[in-house]
Each structure stands twice: as structure tokens, then as C-alpha cells.
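Chemist: the following block contains a protein sequence and its predicted model.
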Amino acid sequence: MPPITDDLIAQHNLTRDEYQRIVTILGREPNLTELGMFSVMWSEHCSYKSSRVHLKKLPTSGPRVVQGPGENAGAVDIGDGLCAVFKMESHNHPSFIEPYQGAATGVGGILRDIFTMGARPIALLDSLRFGELTVPQNRRLMKGVVAGIAGYGNCMGVPTVGGETVFNEIYSLNPLVNVLCLGIAEKDKIFRGAAAGIGNPVIYFGSKTGRDGIHGATMASDSFDDESERKRPTVQVGDPFQEKLLLEACLELMAADLLVGIQDMGAAGLTSSSCEMASRAGTGIELDVALVPRREPGMTPYEVMLSESQERMLMVAKAGKEDECVAICRKWDLDVAVVGRVTGDGVLRVKDQGTIVAEIPAKALADEGPRYDRPYSPPAYQDLLTNLNYDVIPDVKDANAALLSLMESPTIASKRWIYEQYDHMVRTNTVVRPGSDAAVVRIKGTHKAVAMTIDCNGRYCLLNPYEGARLAVAEAARNLVCSGAEPIGLTDCLNFGNPERPDIMWQFVMAVEGLADACEFLKIPIVSGNVSFYNETNGLSIYPTPMVGMVGLIDRADRTMTQWFKEEGDDIILLGATREDLGGSEYLKIMHSREQGSPPFLNMEAEKALHDCVLALVRGGLVQSAHDCSDGGLAVALAESCLSAPGRRLGAAVQLTRGRLRKDAVLFGESQSRVVLSAKPAHREAVLEQARSLAVPAAVIGTVGGDRLVVSLSDERSTANVIDVSLPTLHDRWARSLERALNET
Amino acid sequence: MNIGVVVFPGSNCDHDCQYVFRDVLGQDVTMVWHKEKSVSGLDAIILPGGFSYGDYLRTGAIARFSPVMEAVKEYAEEGGLVLGICNGFQILLEAGLLPGAMLRNDSLHFICRDVHVKVENAATPFTGACESGQVLKIPIAHADGHYYADPVTAASLKANAQVVFRYCTPDGCVTMEANPNGSLDNIAGICNAAGNVLGMMPHPERCAESVLGNDDGRMILASVVERLKKRR
């Protein structure tokens, strides 16, 4: 083995101090295999060394929480003896280097996290960020990522039911691919990744181990530069067919009551799965890499321990159950081998044909990595971003044209081109398909359903990371209540730049505090999550993007609500107050090329009252549709309610008053805590009364019907139609925008 | 009735077919592992959708060699009802139980959406509950659904009324625009000459309950059950 030099330490992305710490823990210099194992486990990706001190602030408990952060995924009780198991994870770096495989293996990884817990995955969602589609490279990335998600998820037979996609130049050299998976498990049959029981066999199963993905976790903990293309060999290659077999084998093994613990081999492969399982149980593991099924000859222990080959699992079986485990794996044509035993000395001991090649205390590797309380301070440019003098921005003259421009901006336009490539109906549970505020999936064997959404406005977070994070939580919860669901749990995926920069660390700390405060107020526990740092290329960082994945419960699957208008003659009712909230809006970006100002005002009491009101109305059967106002404001929300029904369009005539507000603020401002409802005229009084009783502002603003969207705006002096557009025109601009941008018309 | 649902490695609509026949239509369902060599005792056999063998090589090309397929062939020759949905249809083509072949969708994309199909032959065991010319809304979810047959085969399919479903507009017009994948003659489903083997790309099991917003597919699955009851 080569001697450990300063160069070698630097190549492993370890600092001099971190290396010294390793020497102290071992009481000697590590060998190369051990250095490799420390480097992946102590990478930012695996150790959360820059984030952990702050993540402690997040509220993680609640009456429904069955499993909080720290396991493969979180779990919340949904009644009937069942729980929803879910988590979101990023695969940003690999997707930039190789979009198809990067995205595909992102899906594969999060699926394994869910079924490792004993849950059958029933839904996937993904939240994507790309640069503007006018740039060919961004079109290539988006096509590759969408094809990768489709290729993996479709083959697995897990429906991809929702998500969101946002376009901004800032993500050009660092796209985001965040994937959320939700599964259902029996509450008392959740599996955990603990290697308990001294002497129990440690069994490897799934695909063979190859040389792919070595140092993937380290790669994901570094920034990019122009040489990033060269990192392609660190991206793994996915095989969804193997994963499907792995899923069925796992669930069969679990049902047969053979296992003590189980964990997938994700980042840092065999190293992380073995040391984390041992660490959780306070035990050790002894394994021999010579027994590991391999794809190619001549692999060193270093390569076997660090490989990130996909579709592999490690299980600890009950003593004497080896043969039954092996038989089930063989039935599903999987490679399987007993590679070691649980020991009592707390050490991860790796042998190669009996010779010891690595010996590290499991806890030191898994849990005692470095922790950094990195310095943070707001950047000098922050005030420049937020100070915006609206006097220099002329009010809208042609609101019709502005609406059409917003409707066809890729962030707001229909995402049909994306979601039609995903099988979103397999497993026959999808009650609300992609294209409404939240996706809804029924739970077979019960009358219930779960609703899911992912939200985050990175621009809001850039302008004010604390408020931006609160706004993401508020919007996610609003999307859920609009579908008739009560929010019950949250998973996050915190995408940021380089934490060693004080301005980026400040964004992170503020965002975590915003998340914590909002969740505490709304009493929504955060049960799982993921941090992705170093999202920057050539020193240019992405917008802070703390993605919020939220899950809600619907007691009766047949009382689910959607965002589109249902019937001619229905009243259109706006809940919530409109303020002059143009800062950070999509309108300012599209029409004035400005990403500036303060993000919209958010009052949590008002937000919560709105949620209670919408839920009561939906559960009471008093409304026909409910749609959250977000990107593009009220005018876009109205247009979406007209257009988004599957195979059908319904117009609207709406009368608004502007008071002292600018016209563009009324139409396109992004004031929070607002929902557009439609209701039968017979229910008008009941709806208004419900709103009154909760002190939620409510106004009848128009009527559903016709084949145009007509909006009039009045002030003290006059009334004028500011928007008057035929639905076919509106629909064409909105529905075909992505195809046009991708030259696929 | 005892409905058999064959499970290949990579099948992923097997549970959906089990659920719809057992929980929605109240029948017994037997899951048949692909290594089984006998299918005796079954009243009908479903080859479900999915990605058998990962769609590697070609859709359905490896699954046709699974041991159970010999038994399925014999079962079909003896007149047993066999329904292949999506990947099941592709397997039936590869196994030679139905004529023709599948090509990649014209768009080259996987497509998941509702389509409309016109019932061209209401006299099969799978369409007994439908009217001839009736339009059904059923979702598709496939990347390889462009049906192709040589001109002689295509002519004989037509002459023998073996074309059972064709893609159409919501009001029943068989047009280019209504064809989602480029299929020859808008073909969405065909049966064999005897009429006891049907392959279709749309998924009737995905639209058989009102809670999912559509139960048009139920007519096809219920037709099978009705036919079996009559035969007993």
C-alpha cells in the first residue's frame, strides 16, 4: 500500500486537522483503505458536519411521529395500524455530470430508503431546477433528467405523481434534482438499520459490486469547475430491473420474519451500511471483502468498501435463518452471500481472505466525525437585493399581454411534457394526478388518502432566506389543504452553495430557523431530510433552495378537492387579503427582468386560519374547487383554474377592485395566504360565514362560465376590462410552452 | 371464478390486476409465478403490464421463454381465455399467440395519459358488456406501443374482425390526432382468430373504480367474468 502523504490526504478531501483526528481515534496512522473509509464517512454528504449543529433546531416530534430523523426515512402514523414512511433526497451533482443516470440513481436511492424500512413505495415526486431553456445545454440536461426519472420509476412500478419544476439562469451550471418517495408500512412492522445480536450473520444481497461510483459521496461534497466532466466515472449506473427484484425480495424477507436489521448501500456503499448499522446497535461487524459478489476481478478492499454500485443491500438475519434468507434472494435471481457476523467489540473489522485490512471503531466512523459551527454573516449585497424602489417600475399597461407572457414562462406553464413521461397511475391509487396543487393517492384497505407536495421559491430565499423558508412551509401546507388534506409531516432537502463561505452559511442558518419556526407554529414535524451543500460552479452559487416536501392526510378519499373550476354559474370566491407584494415575484422577473425586493409578507396566524377555513369548507362539501395563489399571483391562479381540468376548460368573469394598490400588484402580486375557491351559489352564504367565523377575509369576485377569462378592475373613478382573453389562446400559450422551448412541437 | 395473474420478474401491474379482480369484481385470484409449468384450474389468465426482465433486449422478448409460457400456449390452444395488458400484450406478440410486433412510440417518449378507444368488435369474450362502436376512456402507459403488422397480416386481422380496439377521438373518430403512438391503423388491441386471446395496450384495470375518476375499464374486465359464468 502507498504511504499516506499530504497529497493523498488532500485528494481524499480531508483537512490536516481531520486527518490528525483519525490518527488520534486509531492510535496510529490509517492505511489507505481506512483513509478511504474515513474520507467518505466524514464527507459533508455523509457526516452533515457543517449542518448538524443547526439541524438540531428543527422540530421533529409530535403525536403522529413513529420515526424521526436518523433512520433511512421518517414515519408518521396515519391510523388503521399504518404509517406513511417518506423522505426526500438530492442527486444534484451526479445529475449535472450525467443527467440520465444521475437522476435515475437518485430515484433508485430514495426508493431503497423507503422499502428498507419495510414500506411498499406507493408514490414518487420530484422537484427540479434547471437553467433557462433558451440555452441548449439546459435543454439537454432537462431531457436527460426527465428521461432518467421516467426510466427508473416507470420500470419499478412506483407512480411519479407530482412535484414541481422551476427555471432560472442561476441553475444553469448546477441543476437540482430532488426526489421524494412515500411508502406505506404496518406501524408495528417497521424495520430499522441496526446490527443487533452478537453472532448474527451479516448478509450481502442484490447486484454485484463493481468499480462504479467510487468516491461518489466525496464528489457530492465538492464544488464544480470546468473540469467537472471528468468526474463522470464517479456517477453510478442504475438498473431498475434489479431494484424491482430487490424490492420484492426485501418485502418477502421482511414478511417471513427473518431479519434483525437491514440497510441499503447508498452513498459510501458497504462502508456506510456496515458502520451505521453497527453504530446504531452499539455493536461491531466483522466482514470479509473476499466474500462480496463482484462484477470484475482484481478489485482491492479499498474499491469494494467504497464502491457505490447500485441496487445492493446489507441485512443482519436472525441466527440460523441464513438459508431461508438466501433461498428468497435466489428466488428473485439476486446475488447473495453471508459476508460476516455481528461482534461485540464495537469495531468494524474488514478482512480480505482472512487478513485484516481495516479496523475502525464503528461509532467513530458513523457518528463521531467532525462537527463545524462555521462562521456566518449576511452578505454585503443583501441590501442591494431587497431595496427596490417601485416608483421606477411603471405599472402594467397591457395586462392581457403580461398574463400571456406569464402563462407561457416555463416555470408557470403546464408541465404536461414532463409528467406524461412518468407512469403516474400504476398501483391504481392515484386519485389526483399531476397538475393540481397536490397529488393525492388513496390507501387501499382504508377509506383514506394521502396528499403530497413539494414547494420552495428559491428567489424568495435569496431575498430573505428566513422568510423564504417560512413561505415554502406555508405554501406546501396551503397546497395540501386545498386538496382537502391535513398536513401531518414534512421532509426537507436543503440545497445550498459552499458552507465554507460565511454568506452561504448565513443563508443556511436563516433558512433552517425559518423552517423551524414555521413548522413549530403549524405543528408539523420534520421527520426526515437531506442537506446538499457545494451547489456551485466556478464560484457561482445557486439560490438557497430549501425544498419542502409535505404529506397530508385525507380521511375520506372521496372528499378530495382539485384546483380547476367545475360548473358554469358557480361563484368564484377569493379567501385572504391582497397586499402590494411584488417583491421577488415571477411578474417582476418576466416583465421587468428584476429579481429583487422583499418576498411577500407572511403572517402565520392568518395563514393558519386560512388552512382551517379551507379544510372545513372542503370537508363540509361546500366548495367545488380550491386553488392556492402562488407564482404569478391572482390572475395566473384564475387562469389555471380555468385551464387545468383534464380534457375540459371553463371560463370566468371576475371583477376586482384595486383600492390604493398598483394594478400589477392586484393581478400579479404574490400575496400569501390566499386561495381561489369556486362554490355553488346556494353555498355562498355558508362559505362566507365559515370564513367570517375564522376571521379570514373573503369576497365573491366573479362567476364561472363561458369560453373567455375576463377580469375587470375598478378604482374610485372607473371600471375597465384589463384582461379579456379566449381560453383557446390562453391554453395554447400555457399548454405548449415547454414543447416549444424544447423544439418538440 | 379463479383468475390467474402471471408474475414475471419485473411485472408491475400484477397487484393492480389482482386487486381489480379480487376486491372490485369479487373473484378468486391466483398469482402464478413465471417458473410454474402448469396453469390448470384457472378460469382465465391475465398477463399483466410492467417491465418483464427490465424490457431488456426487446419488450416481452425474454419473458416468452419463461417456463409458464408453454403452459399458457397450451391453455390458449384449448380455448382458455388469455388477456395480455400492455407488457402482457407485448409478451403475447413475442410468444406468437398474437400476430404482429411492437415498435417504439413515434414520439420516442414513454407516454402516460388517458386515451379513447373505439370498440370495433363487441362479440369477443372481453367486450361482451360493450356495444359495437362504443367509445371507452382508458389510460395508456408505455414506450413501445406502436403496433405493426405486415400488409397480409393486417388485412387478415381486419377481415376476421380481430381488431378489437382502435384509438379514437372522444366522439369516436379514428384519426391521426387520436393515435398516441403511431400504431398501424390506430390499433390499440387485437385478438387471435379464435377470439379467446386478447392483447391491448390501454390499462382497463387502472380505470375500474369511481374513486379513481373513471370506471370505463370495468366493462372489459366484467365482460370476462360474465363470459366465464355463462360457460359454467
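Modeler: Looks like it came in fine. Residues are numbered from 1 along each chain as shown, chains lettered A, B, ... in the order given.
Chemist: contacts and neighbour counts: CA atoms only from here.
Modeler: Noted.
Chemist: so what's the residue count around A:Asp80?
Modeler: Other residues near A:Asp80 come to 12 when the count uses other Cα atoms under 10 Å in any protein chain shown.
Chemist: residues contacting stretch A:577-587, please?
Modeler: Contacts of stretch A:577-587 from elsewhere in the structure, counted by Cα atoms under 8 Å, 6 or more residues apart in numbering or on different chains, are A:388, A:406, A:459-460, A:463, A:588, A:594-601, A:631-632, A:661-662, A:665-666, A:668-671, A:673-674, A:697.
Chemist: got any ranges where the chain has weak pLDDT?
Modeler: You didn't pick a chain, so chain A it is. Across chain A, the ranges flagged by pLDDT under 70 are A:216-234, A:745.
Chemist: other chain: chain B
Modeler: Within chain B, the stretches falling below the threshold (pLDDT under 70) are B:232.
Chemist: follow-up on the earlier one: just the buried members of the contacts of stretch A:577-587?
Modeler: In the contacts of stretch A:577-587, burial by neighbour count holds for A:388, A:406, A:459-460, A:463, A:588, A:594-601, A:631-632, A:662, A:665-666, A:668-671, A:673-674, A:697, counting by 16 or more other Cα atoms under 10 Å in any protein chain shown.
Chemist: among those, which ones are in helices?
Modeler: A:406, A:459-460, A:463, A:588, A:665-666, A:668 (DSSP state H).
Chemist: next, the nearest residue to B:Ala122 once chain neighbours are set aside: secondary structure please.
Modeler: For B:Ala122, ignoring the flanking residues on the chain, the nearest one in space by Cα to Cα, 6 or more residues apart in numbering or on different chains is B:Ser132 at 4.9 Å. The assignment at B:Ser132 comes out as coil when based on DSSP: H, G, I helix; E, B strand; the rest coil.
Chemist: which of the ones in helices among the buried ones among the contacts of stretch A:577-587 sits closest to chain B?
Modeler: Distances from chain B to those, taken as Cα to the nearest Cα, are shortest for A:Leu406 (25.9 Å).
Chemist: these two touch, right, the closest one and A:Ile412?
Modeler: Yes - shown here, A:Leu406 and A:Ile412 form a contact pair, counting by Cα atoms under 8 Å, at 6.7 Å.
Chemist: neighbours around B:Val174, how many?
Modeler: Residues within reach of B:Val174, counting by other Cα under 10 Å, total 19.
Chemist: hang on, it packs against B:Ser183?
Modeler: No - with contact defined as Cα under 8 Å, B:Val174 and B:Ser183 do not form a contacting pair (11.7 Å).
Chemist: give the buried residues for the longest helix seen in chain B.
Modeler: With secondary structure taken from DSSP H, chain B has its longest helix at helix B:218-231. Of the residues in helix B:218-231, those with enough neighbours to count as buried (16+ other Cα under 10 Å) are B:218-225, B:227-228.
Chemist: looking at these, which is nearest chain A?
Modeler: For chain A, the nearest member of these is B:Arg218. The distance, counting by Cα to the nearest Cα, is 13.0 Å.
Chemist: just checking, the closest one touches B:Cys207?
Modeler: Yes - between B:Arg218 and B:Cys207 there is a contact at 6.8 Å, judged by Cα under 8 Å.
Chemist: next, the nearest residue to B:Pro204 once chain neighbours are set aside: phi, psi?
Modeler: Sequence neighbours aside, B:Gly217 is the residue nearest to B:Pro204 in space, at 3.9 Å (criterion: Cα to Cα, 6+ apart). Here is the backbone geometry of B:Gly217 (degrees, to the nearest 10): phi -70, psi -20.
Chemist: what's near enough to touch the residue nearest to A:Arg501 when sequence neighbours are not counted?
Modeler: Of all residues not flanking A:Arg501 in the chain, A:Tyr376 sits nearest, at 7.6 Å (Cα to Cα, 6+ apart). A:Tyr376 makes contacts with A:501-506, A:509, as judged by Cα under 8 Å, 6+ apart.
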